[in-house]
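would you be able to build a 3D model of this:
(2 chains)
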Amino acid sequence: MCCGDMGDKARPAGILYTWDKLHVIKRKLEAKTLAVTAGNHDVDSRYKYTDYDAKGLLQSLVPPFPCEDEKLNDKFWARNYIVFSEPDYRLVILNTSAYHGAKEGEFEHGRITPRTVEALKAELEVLEHEQPRRVNILLCHHHPHNHGDIEDKDVSLMEGGAKLLELLGSGDYGNWIVIHGHKHHPRISYAAASISPPIVFSAGSLCARIYEELQGQARNQFYVITFPLSDLDTLELGLIGTFQAWDWLPGIGWQRATLRSGLPASGGFGNRGDITSISKTIATIFASKKQPWVEWNEIIGAFPQVSYLLPISLQAIIKKLESNYNLTVSRDSDGQPLQIGRSL
Amino acid sequence: MTQTGLLPTIFESFNARALEPEQVAKTFVPPDYFDDTLKRAHTLIVGPRGSGKTTILKMLQSPAVEAWKSPIADVYRSKIDFTGVFIPADRSWSEQIGALGEDVLVWEHKRILGVAAFTTHVLRALVEAMQYKAYPPKDTSLVPHRRVELSRNSEAEIVSEIAEKWYLKINIPSLVSLKHALTTRLSNIWEISSEESLRNPEGRGERLANIKYLHLNFLYSAGLAIELFDDRTAQSQSKWGLLFDELELAPQWIREELIKSLRSVNSKLLFKLSMSPYSQDASLLHSELSATFGNDYNQVALWYAHKENGYNFCKALFESILKDYGLNPIEPTKLLGRSAFETLSEDYETSAYRPKSPLHARLLSMAEKDSSFRKFLDSKKLDLDNLHLLSEDERAAAVRKIRSLVAVRDAFRVGDNLGQNTRQQQRSRKNPTVYSGALSLFSIVEGNPRWFIGIIGKLIQDYAKDKSRIIATKQSSEVQKAANRFRAYLKTIPCPPLKKQQPPRGVLSALDLIGSFFHDVVVRQNFTADPPLTFVVDSRTDDDLIESLGRALNAGAIVYVNEPDSDIILQSLRGKRFRLSYLLAPYYKIPLILGRPTSLNFILKKEQEDIWRSENQDSLFSSVEQSDD
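Numbers count the residues shown, from 1 in each chain, chains lettered A, B, ... in the order given. Okay, here's the model as predicted:
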């Protein structure tokens, strides 16, 4: 999956290069699907390379963009979204840069119009009626809600994002994860109030130069996201999953991410349980083992829900274990929990 | 003894330092002397840059021993009857702490902090080794080596006790936590150094004295932990090998600490130290070791004064690299050809000297253009057309030893009529192919794995791509590239000026004078069957020059021709015999043979006079200098 911005300021050379490499990666991974959407840097909204057709380059890419199916491609450009329904998952690819180049200032932010939300709603209604999916993914470029921890005012937000999240979080169309780019700020959060708040996975940038204000908390990253089909059925926590993250280190290459990378080397999402009761369960499991210390993996074996906690929730639980139960959790060099125990 | 799977650019990129033990084991080829490093005795592993010291030490740790998959690995596994604890030299022992308090902390305080960092490093490495023994990876392809059973309760008890003795506070009584606590301690020592360099010096001694862990002795602390661990795991007879790599990088106080520790009576500990052949610690080491063990310690030299001794290892490495590229085994001579310096087998010998053979042609060519060679033949009553009829012994006495000399002389000497005794009395060959052939290349790489991979590994890599024969010019070109890089490095080794207005070329200036002298004797001057090709450092040699040559020895540019059973770590080079590295031989156009010794002073004096005399003539090596200057 690529959340858009294959190039920089619509420069054709970068876009062509990335489009080719994405297919190389697809081939090497033997992936069935390459899911890509358009970013603001993929559209020539300032008409630097063309005089009238901002999306012309994307539309002339070979293989065709965003997918092989011409009918779906036409829909992507005409209706600004497409839907793939596979046996285990549903994938919506949304074009939030659809109006870039049309109106002055439009390129400064993303947009989903009420018309698109309505059209998507109508289509999901039919599809959901036919066969609901356990995993539902929406891929887009712009962020549907703000990252409050970085800046107060963010003008590049997807306009209409709240409506989109309301639709996906209504509970009527399954449980959703939104995967977006644009921010260069790796982060996982849950959308604000709705019935089934979607998970919002803000993917960091693979290779952009990181903005100064983000340099202390973000790296160039890529991810492997896993949806555990069996745990989805047995744990009944809604949509859950895990991720692994890698950082790019200049001169070294790809390395497992660290605790200060944006997203750590690995973690989870989807388990929104109460941290006090989760801490208590962990302490009880520890006590039942009657050992001076226990591997964290043993805790996960007995209580798999722990794998699907957000990194920040896990951090809060570790703190609680220490304050309430005098239990310490040690971490490995990637910052992942390693052992839990207390001194003799 | 190397990682043939990773083909680097020449020299620098190939260094075992950066590799995990499992990676080192993946393609390890044991050199002949590997056995000597395994003995249950203190061992000094001595060799120049790139000779594989780090690889050898890394191979003595359990993770490497277990991951080693070669068919001969089982034999060695049973021989390694100690648990190796690899301790790399770390900058935190010296530079960082030294730099921090450079003008602020007094030597004594820097020493306390440096030794504490060193102790912490050793203990951390020890805990890591314990952890591996108790919790090896769940990889069924590993062959268990000295693993132990350790219950969590036992572990918790041991760890709690060790932590108390080492003044560590740990929240989880596990080996992992103990290791983490030591990592934290390292950063604490750094913080203390930093803080102290800013604080009022008044009371500093008192402050440092009050931090108990700064005063732990690494030997007692390690010994105590080992005893607790072994007792709990019912291994009270087991031994632990502390493997200290690159000792010369450690500051003096650490080296002293370590050398003194060799006197330890703790029978559970073995010390395996890797170092360079020229070391200021040599005398201290010898006295400590001799006093303690009645000479019962090993010295393992990782170089081959006599080139033939390195051939087995080179051949094994050659096979291993072929295998790595998925190529079928092939004789090195089939791929690289025969060497002009090769000692021939008896069967081959007779036919090699028949009229019209290449060797016969070379001898004939030499006799035609070189009157002094003709005189030599006459004096020995040798008829070139009848050499093949001589008995084996006759040939050995008369001709065999001059083959290498003739090869070089013929390649580089012009005819007599083109001038006598001048610097032009030689052919200029940018890419001398006389040094090609399997055994020549094996000699040139000096059994040094880093050089082997840089030169021969590169040739095999190219062969693997296009399967075309590795022609002589290609071989020479790889050798020349490697030699040029090596020469560039040698320029960085400082050396006192040996002549007026000498440009700053480091120890290379001295080596060039020596190489030029040997070249003159072999190529320009009247033919002699026994030319000097080694030098002895005189007692009168300048101290600074000796220091430079010592560093050239550590770099591998000169090779110590040691007598059997002599000390191989030298405090001074005086009175010792050396040859130039064969990697430099194609540059100096000298043969790959040992030759008799001559005095260094004689060489330098002679060359300085010659240079003065021929000041206006072309530079001797101008044709091959190229990127070198």
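
nearest spatial neighbour of residue A:98, skipping sequence neighbours?
residue A:80 (4.3 Å; Cβ to Cβ, 6 or more residues apart in numbering or on different chains). To be clear about C-beta, it is placed using only N, CA and C from the backbone, and glycine gets the same treatment.

so what's that neighbour up against?
A:94-95, A:98, A:112-113, A:116 (Cβ atoms under 8 Å, 6 or more residues apart in numbering or on different chains).

can you pick the most crowded of those?
Neighbour counts for the contacts of residue A:80, by other Cβ atoms under 10 Å in any protein chain shown, peak at residue A:95, which reaches 29 neighbours.

report the separation between that residue and chain B.
Look at residue A:95 and chain B: by Cβ to the nearest Cβ, to the nearest Å, they are 45 Å apart.

isn't that residue right up against residue A:73?
No: using Cβ atoms under 8 Å, residue A:95 is not in contact with residue A:73, being 11.1 Å away.

just put the contacts of residue A:80 in CSV and tack on secondary structure and distance to residue B:260.
Shown next, in CSV, are these (DSSP: H, G, I helix; E, B strand; the rest coil; distance: Cβ to Cβ, whole Å):
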residue, secondary structure, distance to residue B:260
A:94, strand, 71
A:95, coil, 73
A:98, coil, 76
A:112, coil, 74
A:113, coil, 80
A:116, helix, 78
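
ok, so of the residues you listed, who is nearest chain B?
Set against chain B, the nearest of the contacts of residue A:80 by Cβ to the nearest Cβ is residue A:94 (43.7 Å).

the closest residue in space to that closest one that isn't next to it in sequence: what's it in contact with?
Closest residue in space to residue A:94, ignoring its immediate chain neighbours: residue A:140 at 4.1 Å, by Cβ to Cβ, 6+ apart. Taking Cβ under 8 Å, 6+ apart, we find residue A:140 in contact with A:3-4, A:37, A:93-96, A:110, A:112, A:158, A:178-180.

considering these, which possesses the most neighbours?
residue A:96 (32 neighbours).

mind checking the SS state of that residue?
Secondary structure assignment for residue A:96 (DSSP: H, G, I helix; E, B strand; the rest coil): coil.

could you report the neighbour count for residue 214?
I'll assume chain A. Around residue A:214 there are 19 residues (other Cβ under 10 Å).

was after chain B, sorry
Residue B:214 has 22 neighbouring residues, counting by other Cβ under 10 Å.

give the contact list for it.
Contacts for residue B:214 (Cβ under 8 Å, 6+ apart) come out as B:112-113, B:116, B:189, B:192, B:208.

return a ChimeraX selection command for the buried portion of these.
In ChimeraX syntax, the buried subset of those is picked out as below (16 or more other Cβ atoms under 10 Å in any protein chain shown):
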select /B:112,113,116,189,192,208
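
nearest to residue A:126, of the contacts of residue B:214?
Nearest to residue A:126 out of these is residue B:189 (Cβ to Cβ; 67.2 Å).

where does whatever residue of the stretch 151-300 of chain A ends up closest to chain B fall, phi/psi-wise?
Closest contact between the stretch 151-300 of chain A and chain B, by Cβ to the nearest Cβ, is at residue A:292 (3.5 Å). Main-chain torsions, residue A:292, degrees, to the nearest 10: phi -70, psi -30.

thought residue A:328 was touching it, still the case?
No: with contacts counted by Cβ under 8 Å, residue A:292 stays clear of residue A:328, the gap being 11.6 Å.

pairing partners for the longest strand seen in chain B, with directions?
Assignment by DSSP state E gives strand B:269-275 as the longest strand of chain B. Using DSSP bridges, strand B:269-275 pairs in its sheet with strand B:43-46 (parallel), strand B:240-244 (parallel).

any idea of the mean pLDDT in it?
Averaging pLDDT along strand B:269-275 yields 91.

just give the nearest non-adjacent residue to residue 233, would you?
No chain in the question, so chain A it is. Using Cβ to Cβ, 6+ apart, the closest residue to residue A:233 is residue A:134 (7.5 Å).

nope, chain B
Using Cβ to Cβ, 6+ apart, the nearest residue to residue B:233 is residue B:148, at 3.9 Å.

show me what contacts the one you found?
Neighbouring residues of residue B:148 by Cβ under 8 Å, 6+ apart: B:133-134, B:233, B:235.

would it count as being in a helix?
No: with three-state DSSP as the criterion, residue B:148 is coil rather than part of a helix.

any idea how far it lies from residue A:163?
Distance of residue B:148 to residue A:163, given as Cβ to Cβ, to the nearest Å: 63 Å.

now residue B:509
For residue B:509, the distance to residue A:163 equals 79 Å [Cβ to Cβ].

pLDDT wise, what is the residue lying closest to residue B:68 once chain neighbours are set aside at?
Closest residue to residue B:68 apart from its sequence neighbours, by Cβ to Cβ, 6+ apart: residue B:25 at 4.2 Å. Looking at residue B:25, its pLDDT stands at 90.

which of the helices or strands spans residue B:25?
Using DSSP states H and E, the element containing residue B:25 is helix B:21-26.

can you tell me what sits against the helix or strand just after that helix?
Downstream of helix B:21-26, the next assigned helix or strand under DSSP H and E is helix B:34-37. For helix B:34-37, contacts defined as Cβ under 8 Å, 6+ apart pick out B:1, B:43, B:45, B:56, B:59-60, B:76, B:79, B:272, B:298, B:300.

likewise stretch B:400-420?
Here stretch B:400-420 has contacts from B:340-341, B:343, B:349, B:359, B:362-363, B:365-366, B:368-371, B:373, B:376, B:424-427, B:429, B:432, B:434, B:519, B:522-524, B:527, B:529-531, B:589-593, using Cβ under 8 Å, 6+ apart.

coming back round to it: need the contacts of residue B:214 in TSV (columns: pLDDT, secondary structure and distance to chain A).
Output for these, formatted as TSV (pLDDT from 0 to 100; DSSP: H, G, I helix; E, B strand; the rest coil; distance: Cβ to the nearest Cβ, whole Å):
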residue	pLDDT	secondary structure	distance to chain A
B:112	90	helix	29
B:113	89	helix	25
B:116	92	helix	23
B:189	92	helix	20
B:192	91	helix	24
B:208	95	helix	27
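
about what we covered before: and which of the contacts of residue B:148 is nearest residue A:102?
residue B:134 (66.6 Å).

is it true that the closest one touches residue B:152?
No: applying Cβ under 8 Å, one finds residue B:134 not in contact with residue B:152, separated by 9.9 Å.

got phi/psi on residue A:295?
phi -70, psi 140.

excluding chain neighbours, what is closest to it?
Using Cβ to Cβ, 6+ apart, the nearest residue to residue A:295 is residue A:339, at 5.8 Å.

do residue B:213 as well
residue B:167 (4.2 Å).

tally of neighbours for the one you found?
There are 14 residues near residue B:167, going by other Cβ under 10 Å.

max pairwise distance over the contacts of residue B:148: which two?
The two members of the contacts of residue B:148 with the most space between them (Cβ to Cβ) are B:134 and B:235, at 11.1 Å.

residue 215: how many residues sit nearby?
No chain in the question, so chain A it is. 10.

right idea, wrong chain: chain B
Neighbours of residue B:215 (other Cβ under 10 Å): 14.

was I right to think residue A:196 contacts residue A:169?
Yes: between residue A:196 and residue A:169 a contact is recorded at 5.3 Å, counting by Cβ under 8 Å.

need the overlap of contacts for the two.
residue A:176.

between these two, which has more neighbouring residues?
residue A:169 (21 against 17).

excluding chain neighbours, what is closest to the more buried one?
Closest residue to residue A:169 apart from its sequence neighbours, by Cβ to Cβ, 6+ apart: residue A:194 at 3.0 Å.
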